[in-house]
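Student: build the 3D model from these lines:
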Amino acid sequence: MKADTKAIPPLPASPCIGACRLDARGTLCVGCRRTPEEIRAWPGADAAERERILAAVAARGRAAAAGEGET
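Tutor: The predicted structure is shown next:
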């Protein structure tokens with residue numbers, strides 16, 4: 001009898017681009033636009049939490065492109 005071998009989907013990849021430095025306020029990485037809390041949470045985050053972080057990163061990127069706030 002075969003064991004149930006459902007494929008486990010891969011976790012979303014990190015948005016890190018290797019330009020790790022916090023902005024002047026210390027609130028966002030200038031490379032990936034994650035907060036320090038999001039960066040710390042990433043290694044242990046499940047797929048849903050990683051998707052939430054990626055959505056927040058994307059929203060920050062759109063805001064920066066529109067000229068809203070600092071990056």
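Student: give me the local confidence score for residue 5.
Tutor: We have a pLDDT of 70 for residue 5.
Student: on the three-state scheme, it is what?
Tutor: Put simply, residue 5 is coil when judged by DSSP: H, G, I helix; E, B strand; the rest coil.
Student: any idea how far it lies from residue 46?
Tutor: Distance check for residue 5 against residue 46: by C-beta to C-beta, to the nearest Å, it reads 21 Å. C-beta coordinates here come from the backbone N, C-alpha and C atoms, glycine included.
Student: neighbour count: the two, which is higher?
Tutor: Comparing residue 5 with residue 46 by other C-beta atoms under 10 Å, the one with more neighbours is residue 46, at 9 against 6.
Student: and the gap between that one and residue 62?
Tutor: Residue 46 sits 25 Å away from residue 62, going by C-beta to C-beta.
Student: same question for residue 25.
Tutor: Residue 25 sits 19 Å away from residue 62, going by C-beta to C-beta.
Student: quick one, which of these two is more surrounded?
Tutor: Taking neighbours as other C-beta under 10 Å, residue 25 and residue 62 compare with residue 62 leading, 10 against 7.
Student: and the more buried one, what's its pLDDT?
Tutor: Residue 62 carries a pLDDT score of 94 in this model.
Student: again with the one 3 residues further on
Tutor: We note a pLDDT of 92 for residue 65 in this prediction.
Student: do the same with the one 4 residues further on
Tutor: The predicted local confidence for residue 69 comes out at a pLDDT of 61.
Student: same question for residue 55.
Tutor: According to the prediction, residue 55 has pLDDT 98.
Student: can you report how many residues neighbour it?
Tutor: The tally of other residues near residue 55 (other C-beta under 10 Å) stands at 10.
Student: please tell me how far it sits from residue 33.
Tutor: Distance from residue 55 to residue 33, counting by C-beta to C-beta: 12 Å.
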